[in-house]
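[1] give the three-dimensional model of this entry:
(4 chains)
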There are 2 protein chains.
Amino acid sequence: MSGTVVKPAPAAQEAAAAGEYRLDEQVGFLLRKANQRHLAIFARHIPDLTPPQFAALAKLWEVGETSQNQLGQLVAMDAATVKGVIDRLRARSLVEIAEHESDRRRVVVSLSAKGRAMIGGLVEEAARITAETIEPLTQRETATLARLLAKLS
Amino acid sequence: MSGTVVKPAPAAQEAAAAGEYRLDEQVGFLLRKANQRHLAIFARHIPDLTPPQFAALAKLWEVGETSQNQLGQLVAMDAATVKGVIDRLRARSLVEIAEHESDRRRVVVSLSAKGRAMIGGLVEEAARITAETIEPLTQRETATLARLLAKLS
DNA sequence: CTGATATCATTTGCATACGAATGAATTCGG
DNA sequence: CCGAATTCATTCGTATGCAAATGATATCAG
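    Okay, here's the model as predicted:
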């Protein structure tokens, strides 16, 4: 390992070690950038909702109603985070909360009529967001990417 | 398309449409989750720095010194975001700022001795973070993932 | 040289994210 | 049945992340 350094970075004070670690090649850095691009695409298509807000609505649409905590697990959000998301959706009357019948600790969250109407109309747009996100990839590559990303989490 | 629905979601009011869109399969959702896992791994290995802070230090280590704005571009951060990151690193004396010799708008950012010492010692740990992140993947899969992610951005 | 334009940095406002601490309610072990 | 452990939700503090507005400076067209 580390035989001949091809070309030390111009300004790196410790070119040898620095040459071993390129930030731009790290998976974490690539993940962050890919995510950024997707967020920008999302914002262009659905400016009125953030991805987490959309995820919460979409999941409620799938499962009907759940406790706030469980919804968080379904959409991969912290309890503290899902609280804020639900608060903001509630302020816009897109979701409703109710007491759990038997467990008084729980808050049952469900779509309002308005929220149901909105998410129903947005699913097509969401599909286009995914389409635009994966536009640089072939169909095969997309399937591979999805498989590998799923394997990571 | 949409021939026979195998099993409508229990509580989905519009099972047909809902069946067409599965949140958990969308690339954006998978990206967010993969990113989350990586952040958790990072925090375990390097609790004293966040990934953006580390990225800024690592990039400064590579390139020596740059303007704040350009550093932001190199590490894929908004001007407003990089400002906050540099502020916090400066508060910990890990980076230093100076006036640009000819352009009085610019702020030249560089590593302090303390910052250089820290980042030098952390590169190995950073490599372990990447290793743990891609642990579920084979070497081939990792290369593929990196290629596809790069293609996305 | 000067007015229009562009660039760099800063500030504000909003929305995730997560750790940690807290309080209320439930469940579990003995 | 009761005290301990757990679960659910809330709150606080810190840190991204971006859009938009602003001020200072630089550059460019004419």
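[2] who in chain A is up against DNA strand C?
    Proximity of chain A to DNA strand C is confined to A:50-53, A:77-81, A:84-85, A:88, A:102-105 under the rule Cβ under 7 Å from any atom of the strand. Just so you know, the C-beta spots here come from the backbone N, C-alpha and C atoms, and that holds for glycine as well.
[3] now, those residues that are in strands?
    Among the residues of chain A next to DNA strand C, no residue falls in strands (DSSP state E).
[4] give me the subset of these lying in helices.
    Judged by DSSP state H, the subset of these located in helices is A:51-53, A:79-81, A:84-85, A:88.
[5] switch these over to TSV; also include pLDDT.
    Output for these, formatted as TSV (pLDDT from 0 to 100):
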residue	pLDDT
A:51	97
A:52	97
A:53	97
A:79	96
A:80	96
A:81	97
A:84	97
A:85	98
A:88	97
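[6] quick one: which of those is most hemmed in?
    residue A:85 (23 neighbours; other Cβ atoms under 10 Å in any protein chain shown).
[7] that residue reaches residue A:49, doesn't it?
    No. The pair residue A:85 / residue A:49 is not scored as a contact, 10.2 Å apart, by Cβ atoms under 8 Å.
[8] returning to what we had before: of all pairs in the ones in helices among the residues of chain A next to DNA strand C, which one is the farthest apart?
    Largest separation among these by Cβ to Cβ: A:51 and A:79, giving 18.5 Å.
[9] before we move on, the earlier item: ok, the ones in helices among the residues of chain A next to DNA strand C vs residue B:41, which is closest?
    Nearest to residue B:41 among those is residue A:81, at 18.9 Å by Cβ to Cβ.
[10] before we move on, back to that, contacts with chain B among the residues of chain A next to DNA strand C, please.
    residue A:51 (Cβ under 8 Å from any Cβ of the partner chain).
[11] give me the buried positions along the top helix by length along chain A.
    Ranked by residue count, the top helix of chain A under DSSP H comes out as helix A:113-133. Within helix A:113-133, the residues that count as buried by 16 or more other Cβ atoms under 10 Å in any protein chain shown are A:115-116, A:118-120, A:122-123, A:126, A:129-130, A:133.
[12] pLDDT and distance to DNA strand D added to these, as TSV?
    Listed next are the buried residues of helix A:113-133 as TSV, based on pLDDT from 0 to 100; distance: Cβ to the nearest atom of the strand, whole Å:
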residue	pLDDT	distance to DNA strand D
A:115	96	17
A:116	96	21
A:118	96	21
A:119	96	21
A:120	93	25
A:122	95	19
A:123	94	24
A:126	95	19
A:129	96	15
A:130	95	19
A:133	95	14
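[13] farthest pair within those residues?
    Comparing every pair within these by Cβ to Cβ identifies A:116 and A:133 as the most remote, at 25.5 Å.
[14] ok, whichever strand or helix holds residue A:28 near DNA strand D or not?
    Using DSSP states H and E, residue A:28 maps to helix A:27-45. Yes. Judged by Cβ under 7 Å from any atom of the strand, helix A:27-45 comes into contact with DNA strand D at A:32, A:36, A:39-40, A:43.
[15] ok, the residue in chain A that DNA strand D sits nearest to - how many residues close by?
    Closest approach between chain A and DNA strand D, counting by Cβ to the nearest atom of the strand: residue A:69, at 2.5 Å. Look at residue A:69: counted by other Cβ under 10 Å, it has 16 neighbours.
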